[in-house]
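Participant: Sequence first, predicted model second:
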Amino acid sequence: MNRIYFDNAATTALDKEVLEAMMPYFTEKFGNPSSIYSYGRETKIAIETARKSVAKLLNAHPAEIFFTSGGTESDNTAISASVRDLGCRHIITSPIEHHAVTHLVEHLNNLDLVKVSYVKVLPDGHIDMDDLEELLASSEEKTLVSLMHGNNEIGNILDINAVGELCKLYSAIFHSDTVQTVGHFPFDLRNTPVHFVTGAAHKFHGPKGVGLLYINENVRIKPLVHGGGQERNMRAGTENIYGIVGFAKALELATKNHESDSAYVGTLKYYMHEQLKKHIPGVGFNGDTLGNSLYTLLSVSFPKTEKSEMILFNLDINNICASGGSACTSGAEQGSHVIRAINNNPNQITVRFSFSKYNTKEEVDAVVEKLKDLV
């Protein structure tokens, strides 16, 4: 049986067109973008062309777009700078953020640089907006709100505009980890009340190791990495040219094909949801599955039995790739902090299935067939 890859929220296959766009920068176009001769100028132009393209696709200004090594670096830069340069002494975040946020926030808290508040999460996995407003209203210090746009484990989508408007009302800085949504949803950053958003090319069929940090033009921060003057003095180090070119190409394709791709991928999610309900007794789903949720992701709870405890291992043996929570923690046996926060049921085993344009209904059928045996 061929391998079935249902872990697209962890990473995606590189699109052939993206690879084609990157290839010249691995071979003849190898000049250093900081060099003044033509070899350097052509790579510099490639980076700035990519920046303009990404800015246009997200409706931002090119001066607001910075290329990084990925979502984690972008999140770290935004949060650290908010504390260091923007004077934030209070961070409001949620217990279901990605570790790129939670671990850094804990670290800053341990250093006594900030006070941290965790907003309540409703049973369906959404943020309790009333609680968020209370936390903001009672905050006596400059506050950073860091809440992710699309949850990587349960798929819930935050109302980014509503949170942004609340932050505006209470003069808070707003950072949103948008790694699961950039490249999957249209963005209009000019008209979104947010200071920082992040992206990673490998979540939408681009290369790994390249990310995006959007910094609203009204925000002034200092670099995280010191050295040369790359990225308009914001991020020293010779640029990852082929990565940046790949990021822009992947975003261009994702935006161009958004309507057809999202409709197709969404049908796979709903079809699998339906098939599991039909064939697996006691199956449950985490988050706002059929509501305000990523069309790419399905978080499933299976009843805990001796058989199902080994479910990921057995899926793997059967050449099916899925994950227990997020890829960043699979292999770690402590279970998922996200699932614990919304559904702390020890009698359930959680598996995350996530889909892309390269998956098919036949694959869903094959996986559901297998799960009948495994559960």
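Facilitator: That came in fine, so what should we check first? What you see is a predicted model; the values in this text were computed from it and never measured. Numbers count the residues shown, from 1 in each chain.

Participant: CA only for contacts and neighbour counts going forward, please
Facilitator: OK.

Participant: now the helices: where do they sit in the stretch 101-250 of the chain?
Facilitator: Ranges of helices within the stretch 101-250 of the chain are 129-138, 160-169, 230-233, 241-256, based on DSSP state H, counting those that start in this stretch.

Participant: Save these as TSV, and put in mean pLDDT, mean neighbour count and distance to Leu276 too.
Facilitator: Converted to TSV, the helices of the stretch 101-250 of the chain look like this (pLDDT from 0 to 100; neighbours: other C-alpha atoms under 10 Å; distance: least, C-alpha to C-alpha, whole Å):
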stretch	mean pLDDT	mean neighbour count	distance to Leu276
helix 129-138	98	16	32
helix 160-169	98	17	31
helix 230-233	95	15	48
helix 241-256	98	24	29
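
Participant: Relative to Ala100, which of those is closest?
Facilitator: Among the helices of the stretch 101-250 of the chain, helix 160-169 comes nearest to Ala100, with 18.9 Å by C-alpha to C-alpha.

Participant: so the closest one versus helix 129-138, what angle?
Facilitator: When axes from the mean of the first three to the mean of the last three C-alpha atoms, to 10 degrees is applied, the directions of helix 160-169 and helix 129-138 differ by 20 degrees.

Participant: what residues does helix 160-169 touch?
Facilitator: Contacts to helix 160-169, defined as C-alpha atoms under 8 Å, 6 or more residues apart in numbering, come from residues 129, 133, 136, 145, 149, 173-174, 176, 192-194.

Participant: ok, those vs Thr238, which is closest?
Facilitator: Proximity of the contacts of helix 160-169 to Thr238 (C-alpha to C-alpha) peaks at Ser176, which lies at 26.9 Å.

Participant: tell me, how many neighbours does that closest one end up with?
Facilitator: 25 (other C-alpha atoms under 10 Å).

Participant: quick one on the thing from earlier: what's the closest of the helices of the stretch 101-250 of the chain to Leu290?
Facilitator: helix 160-169 (18.9 Å).

Participant: can you list the domain ranges for this protein.
Facilitator: As recorded under automatic domain parsing, the domains making up the chain are 4-12+258-374, 16-256.

Participant: mind showing which ranges of the chain have poor pLDDT?
Facilitator: For the chain, residues meeting the criterion pLDDT under 70 lie at 1, 325-334.

Participant: Mind giving me the packing neighbours of the longest helix along it?
Facilitator: Counting residues, the longest helix found in the chain (DSSP state H) is helix 258-279. Secondary-structure packing of helix 258-279 (3 or more C-alpha pairs under 8 Å, 6 or more residues apart in numbering; DSSP states H and E): strand 297-303, helix 361-374.

Participant: Can you check the distance spanned by stretch 219-228, start to finish?
Facilitator: 22 Å (C-alpha to C-alpha, to the nearest Å).

Participant: Next: stretch 353-362.
Facilitator: This stretch, stretch 353-362, spans 15 Å end to end (C-alpha to C-alpha).

Participant: What of stretch 89-109?
Facilitator: End-to-end distance of stretch 89-109 (C-alpha to C-alpha): 10 Å.

Participant: what sits up against that stretch?
Facilitator: For stretch 89-109, contacts defined as C-alpha under 8 Å, 6+ apart pick out 71-72, 75-76, 79, 83, 113-121, 127, 135, 139, 141-148, 151-152, 337-338, 341.

Participant: cool, stretch 348-355 as well?
Facilitator: Contacts for stretch 348-355 (C-alpha under 8 Å, 6+ apart): 6-9, 153-154, 265, 268-269, 296-304, 308-309, 312, 322-326, 339.

Participant: do the same with stretch 286-297
Facilitator: 8-9, 123-126, 150, 153-157, 181, 262, 265-266, 269-270, 298-301, 339, 342-343, 352-356.
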